[in-house]
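Participant: Got a predicted structure plus its sequence, pasted below:
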Amino acid sequence: MALSYYIYYRVAHPLRARALVREIQAALKARTGIEGRLLRKHDDPSTWMEVYEDVEDSAAFEQGLAAAAQATDFVAVLVAGSERRMERFEASCA
């Protein structure tokens, strides 16, 4: 079953964060073939969300995501005290 991943967080340094997200997404695409999207909350431009859909191998994807985020030192661009939060969703059977 394919999963969709939603990773959200608050950024303190948007220009640097955008560059790091591009690095993370490029590394994930090279490693897993999954292409991500980046969204920004309409009424709070510091809240961002990465979206990755149709993930078949969740273990490989999550390992790749963790490695890519750690390699960029992404935590340095987050609002103090915040973190990347990940949610997983599956398609409904209805």
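Facilitator: Received the coordinates, thanks. Numbering: from 1, shown residues only.

Participant: check contacts around residue 74.
Facilitator: Contacts for residue 74 (Cβ atoms under 8 Å, 6 or more residues apart in numbering) come out as 17, 20, 24, 84. C-beta here means a position set from N, CA and C on the backbone, and glycine is covered the same way.

Participant: Go again with 7 Å.
Facilitator: 20, 84 (Cβ atoms under 7 Å, 6 or more residues apart in numbering).

Participant: Please apply the same query to the one 3 residues further on.
Facilitator: Contacts were defined as Cβ under 7 Å, 6+ apart; by that measure residue 77 touches 11-13, 16-17, 20.

Participant: which pair in those residues spans the largest distance?
Facilitator: Between all members of these, the longest pairwise span (Cβ to Cβ) is found for 12 and 20 and amounts to 12.3 Å.

Participant: In helices, which of the contacts of residue 77 appear?
Facilitator: Judged by DSSP state H, the contacts of residue 77 include 16-17, 20 as members of helices.

Participant: Make a markdown table from the contacts of residue 77 and add distance to residue 53, neighbour count and pLDDT to it.
Facilitator: Formatted as a markdown table, the contacts of residue 77 follow (distance: Cβ to Cβ, whole Å; neighbours: other Cβ atoms under 10 Å; pLDDT from 0 to 100):
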| residue | distance to residue 53 | neighbour count | pLDDT |
| --- | --- | --- | --- |
| 11 | 22 | 21 | 98 |
| 12 | 28 | 13 | 97 |
| 13 | 27 | 14 | 96 |
| 16 | 26 | 14 | 96 |
| 17 | 21 | 21 | 97 |
| 20 | 21 | 20 | 97 |
